[in-house]
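In: When you get a sec, could you give me coordinates for this:
(4 chains, ligands or ions: 8)
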Protein chains: 4
Amino acid sequence: MRILFIGDVVGQLGLKLVQRYLPELKRQLKPQVTIVNGENIADGKGITEKLYKALLQAGTDVVTLGNHAFRKRDILDFIDDAAKLVRPANFPAGVPGTGYTIVNVNQTKLAVINLQGRIFLDAIDDPFTVADQLLTEILKVTPLVFVDFHGEVTSEKLALAYYLDGRVSAVIGTHTHVQTNDARILPEGTAFLSDVGMTGSYEGILGVKKEPVIHNFLTRLPARFEPIEEGTGQLGACYIDIDEKTGQAKKIKTIRIDRDFPLFEV
Amino acid sequence: MRILFIGDVVGQLGLKLVQRYLPELKRQLKPQVTIVNGENIADGKGITEKLYKALLQAGTDVVTLGNHAFRKRDILDFIDDAAKLVRPANFPAGVPGTGYTIVNVNQTKLAVINLQGRIFLDAIDDPFTVADQLLTEILKVTPLVFVDFHGEVTSEKLALAYYLDGRVSAVIGTHTHVQTNDARILPEGTAFLSDVGMTGSYEGILGVKKEPVIHNFLTRLPARFEPIEEGTGQLGACYIDIDEKTGQAKKIKTIRIDRDFPLFEV
Amino acid sequence: MRILFIGDVVGQLGLKLVQRYLPELKRQLKPQVTIVNGENIADGKGITEKLYKALLQAGTDVVTLGNHAFRKRDILDFIDDAAKLVRPANFPAGVPGTGYTIVNVNQTKLAVINLQGRIFLDAIDDPFTVADQLLTEILKVTPLVFVDFHGEVTSEKLALAYYLDGRVSAVIGTHTHVQTNDARILPEGTAFLSDVGMTGSYEGILGVKKEPVIHNFLTRLPARFEPIEEGTGQLGACYIDIDEKTGQAKKIKTIRIDRDFPLFEV
Amino acid sequence: MRILFIGDVVGQLGLKLVQRYLPELKRQLKPQVTIVNGENIADGKGITEKLYKALLQAGTDVVTLGNHAFRKRDILDFIDDAAKLVRPANFPAGVPGTGYTIVNVNQTKLAVINLQGRIFLDAIDDPFTVADQLLTEILKVTPLVFVDFHGEVTSEKLALAYYLDGRVSAVIGTHTHVQTNDARILPEGTAFLSDVGMTGSYEGILGVKKEPVIHNFLTRLPARFEPIEEGTGQLGACYIDIDEKTGQAKKIKTIRIDRDFPLFEV
Ligand SMILES: [Fe+2]
Ligand SMILES: [Fe+2]
Ligand SMILES: [Fe+2]
Ligand SMILES: [Fe+2]
Ligand SMILES: [Fe+2]
Ligand SMILES: [Fe+2]
Ligand SMILES: [Fe+2]
Ligand SMILES: [Fe+2]
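Out: Numbering: from 1, shown residues only, chains lettered A, B, ... in the order given. Ligands and ions are numbered 1, 2, ... in the order given. Next up is the predicted model:
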């Protein structure tokens, strides 16, 4: 099974990039499943039902989230009915939504888990322990497990990946909005990438206008960070090939589409 | 002018990798200047005079540091005489050592600045303002300026790079120990890379043994993190080509040497 | 000279408490100068011109601020003309407003400085160094210096107080909204109190409604924190007696007015 | 039942202060139970078996801990046999030691729980949820429950206290080492105090020498913080009177013993 994963989609421009490049990526790469992190699609923070559906319509099978999951209150109205939307599984008990979903792909099933790191992020439940608990359920159903680990620091991402090595097919990081160059298969067969990068403007800072960010660093005055909605874009992604019998990853490759790396180089 | 920059060298294994691969990298790439971040060379945290000299002897022209600069007290004994050792320039006034140095390369001069971010790191002086101050001096001497920006978060790194765009030749990040895949030339001619990655073990977590790191995440009990000193290694680096007249970057390329990407693919 | 200092005034209820109790406090304590921290007066975060003027009209001589100083954008319209409004002096250069002011009291002058800590707060300029710089100017004018040190952690507050001991008349903490029980005169004559406490509702959590705060801790979902604007209140304050010749503090006493400690016990 | 609670005992001087003042406090206040926070007794960080026993011998019934609980590795050798030693209950599963203990006092039983906050401290398990779980067990045995909540920020302390209001007898904060002046009985009968303060030197900063702390703030260079082991001391404490039938608190009073507030004023 080949999984295509696209990193944090920022704003309308991010959505447009998915709509524009996903068909071409599918033609070239022929993934069976496409997963997209959508935590920044609504004005840079959060998601709405309309945008969730737009992602599905663009060809996405599952939408993952992160620390901005609940920024738009609209999510509370539809998350419990959104079968293909997962928010970090280690949010405390009682929080709406689900932390994983299972996708049927021909005769096989793929579990998609969303987890969030705790270093320099909110103190939610322990992602290591929650992963253990979820895997007790999931591994009865399928050995194919994809984890979007939304986190800030590299040590936590690598630690979770090694901790889950051999038990899941892939641990792919999101949140920093910058793709890392460390894709590899860990010793027990788990594909790993610290961060897949983002999808949105190529011009600003992580998808938002650069002037307010720089002004905020210079003055520490409150600032409003707005996504850049036009101009040249970037798409950060990766694909992973998984052995459908064992769930082990066989290959992982990063994809970077932008002015400097046009699609044709994929 | 071509600059070769090698990221955070961790422990004895990191030093060995520099000793082994730097000659070959020089033969292939023919850089005029080699800069190495050495903040983790002494047991994973800090640097000693012996190790500083070992880096120079291995072919390094300038050694930069970071948040671990002063972890080994030995540094206080030699830093003020170490002409090719720079620690973050935005440490408060009165801290030993210097924040930049100038290297003579044939007829030209290259300034090497070390700066440190403040997000999720110690509150030292403002790197943006300190950069402004240093450039007032430096730009009288040379337009060729290399900045090692040691920081945790991607937004701060991009913000500083855009802030200095056109005023320095390159802003290259260190500290996360994971190479990013976002090398590019910014609009006004500054080469940028969020993080160049590390040089040391390829097996553990950021150069140190993985079991104590995972145990620490699982229990939050105190842990001792030790560099892995044997086994397979990785070297994270990049090179930048600079126009010696204008100081503008013309090219930036990342280098990753490890089991999956052997040297010959450089 | 006797200084009366009232801690973080939260919302309309906080203002009403100042209006109601300040006249009585003045009658009983006869302070020459009244200083009030107003960073939370506008809806819990920030200040407006109208509310600044209401504080002056209620009998305040100087209004200090803190990390919420610039939360209401209105402040940018009037701060540069507000002679009796000081924001943390260690905000970066270029930020509107001033970090200290001098009040004329009969034949003497009192300098009022506002500083902000950096531990668990934004990385602004170093409060220790900025204090040194300001004192170089101020001590030429007057030895009577009051410092409102707005900070989170006790170690930083005590460290700054000891650092300034003998050079200023008082270092009084704000920001935690809880009055501490450690008022004293340091060895060289500086009055110190880790935190003077807040002025606003006595019922909720630090002046705001308790349900959203608890819900936020339980779920880590985004929350809106609103000041409680009715019901029983509390006023946190202290007074300091200063020798007008030397600037040394002679006495410091905390004041707590609430249901459990009514005014008459002052 | 009257409980006497003494805050973070720092170093040998802290122990000496307990040994010297506890007998006198017992004579005057006649508490049935004495609880002491001992997380800083061993050189300022951690505890050893010898020091734990010294606290018991000095008249302590239960010793609580905090974020420094496991700093001295010696604790791993004796914590599982130390019947009267409790470490924060919300450390992850598998961590040695226990999070609560039950003390027999004549015909009644008092449960003593230790919990730790997560704001600006390590991400351990949720103290709110863990408290719920423990109370399910404990309230079958006794309605008398004392909670030492070891935390940094005032909002988290108040939030937990309100959350547990009416279900426990007292929520008393530790960790900041500065006694707060906000002791009170919450609406449903739980006694609350944000922080009880520390026991150790009165001269330095939170029990340790002040010069290294100030130097560290000025330079951000690594520093060694050592407890002050001689000179004048302070003892921070409080006592709470509980209705033995209902578990509700009837009275809470802070105690501060130091040069400025000698014992006789208790
Ligand atoms: Fe994101
Ligand atoms: Fe995120
Ligand atoms: Fe490093
Ligand atoms: Fe570092
Ligand atoms: Fe405040
Ligand atoms: Fe504040
Ligand atoms: Fe403590
Ligand atoms: Fe503590």
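In: center of chain A, which residue is that?
Out: residue A:37 (3.5 Å; CA atoms, centre = their mean).
In: Pull the residues that contact whichever strand or helix holds residue A:218.
Out: Assessed by DSSP states H and E, residue A:218 sits inside helix A:210-219. Residues from elsewhere that reach helix A:210-219 (CB atoms under 8 Å, 6 or more residues apart in numbering or on different chains): A:203-205, A:221-226, B:126, B:128-129, B:155-156, B:158-160, B:162-163, C:91-92, C:94-95. C-beta: built from backbone N, CA, C; applies to glycine.
In: how close does the residue in chain A positioned nearest to ligand 8 sit to residue C:224?
Out: Closest contact between chain A and ligand 8, by CB to the ion, is at residue A:123 (16.4 Å). Between residue A:123 and residue C:224 the computed distance is 20 Å (CB to CB, to the nearest Å).
In: Those two: which is more packed in?
Out: Using other CB atoms under 10 Å in any protein chain shown, the more surrounded residue of residue A:123 and residue C:224 is residue A:123, with 21 against 9.
In: Secondary structure of that one: a strand, I assume?
Out: No: Residue A:123: not assigned to a strand; according to DSSP: H, G, I helix; E, B strand; the rest coil it is coil.
In: Spit out the contact partners of it.
Out: With contact set as CB under 8 Å, 6+ apart, residue A:123 has these partners: C:220, D:118-119, D:123, D:126.
In: So which of the residues you listed is the closest to ligand 1?
Out: Nearest to ligand 1 among the contacts of residue A:123, counting by CB to the ion, is residue C:220 at 16.6 Å.
In: What about the closest one, how many residues nearby?
Out: Count around residue C:220 with other CB under 10 Å applied: 22.
In: Tell me who's in contact with it.
Out: A:91-92, A:95, A:122-124.
In: and those residues, which two are the farthest apart?
Out: Farthest pair in these (CB to CB) is A:95 and A:123. Separation: 13.7 Å.
In: List the buried residues for the longest helix belonging to chain A?
Out: In chain A, taking DSSP state H as the definition, the longest helix is helix A:11-29. Under the neighbour-count criterion of 16 or more other CB atoms under 10 Å in any protein chain shown, helix A:11-29 has A:11-18, A:21-22, A:25, A:29 buried.
In: For chain A, which segments count as strands?
Out: Counting by DSSP state E, one finds strands in chain A at the ranges A:2-6, A:33-37, A:62-64, A:85-86, A:100-105, A:108-116, A:145-150, A:170-174, A:184-185, A:191-193, A:199-201, A:233-242, A:249-257.
In: Which among these is found nearest to ligand 7?
Out: Across those, ligand 7 has its closest neighbour in strand A:108-116 (29.7 Å, CB to the ion).
In: contact partners of that closest one?
Out: Against strand A:108-116 from outside (CB under 8 Å, 6+ apart): A:1, A:3, A:33, A:35, A:62, A:64-67, A:86-91, A:99-103, A:122, A:124, A:127, A:130-131, A:134, A:138, A:141-142, A:144-151, A:160, A:168, A:244.
In: Quick one: work out the angle between it and strand A:100-105.
Out: Angle, strand A:108-116 to strand A:100-105, by axes from the mean of the first three to the mean of the last three CA atoms, to 10 degrees: 150 degrees.
In: Send me strand A:108-116 as CSV with only the CA atoms.
Out: Output of strand A:108-116 as CSV, limited to C-alpha atoms (Å, rounded to 0.1, in the frame of the first residue of the first chain):
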residue,chain,number,x,y,z
THR,A,108,-6.9,-4.2,3.7
LYS,A,109,-7.4,-1.7,6.4
LEU,A,110,-5.2,1.3,7.4
ALA,A,111,-5.5,2.9,10.8
VAL,A,112,-4.6,6.6,10.9
ILE,A,113,-3.7,8.0,14.3
ASN,A,114,-3.1,11.6,15.2
LEU,A,115,-1.0,12.3,18.3
GLN,A,116,0.4,15.6,19.7
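In: Spell out which parts of chain A neighbour chain B.
Out: Within chain A, the residues that sit near chain B (CB under 8 Å from any CB of the partner chain) are A:120, A:126, A:128-129, A:152-156, A:158-160, A:162-163, A:176-182, A:184, A:194-195, A:197, A:205-206, A:210, A:213-214, A:217-218, A:254, A:256, A:260.
In: Can I get the buried ones among these as something I can paste into PyMOL?
Out: Buried residues within the residues of chain A next to chain B, by 16+ other CB under 10 Å, are selected in PyMOL with:
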select buried, chain A and resi 126+128+152+153+154+155+156+158+159+160+162+163+176+177+178+179+180+181+182+184+194+195+197+205+206+210+213+214+217+218+254+256
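In: from the chain's centre, how far out does stretch A:9-19 sit?
Out: Per CA atoms, centre = their mean, to the nearest Å, the displacement of stretch A:9-19 from the mean C-alpha position of its chain is 14 Å.
In: ok so, going back, quick check, nearest of the buried residues of helix A:11-29 to residue C:231?
Out: Among these, and counting by CB to CB, the member closest to residue C:231 is residue A:11, at 42.7 Å.
In: Show the contacting residues for the residue in the stretch 51-200 of chain A that ligand 3 sits nearest to.
Out: At 10.4 Å from ligand 3, residue A:154 is the closest residue in the stretch 51-200 of chain A, using CB to the ion. Residue A:154 is in contact with A:180, A:194, B:176-178, B:206, counting by CB under 8 Å, 6+ apart.
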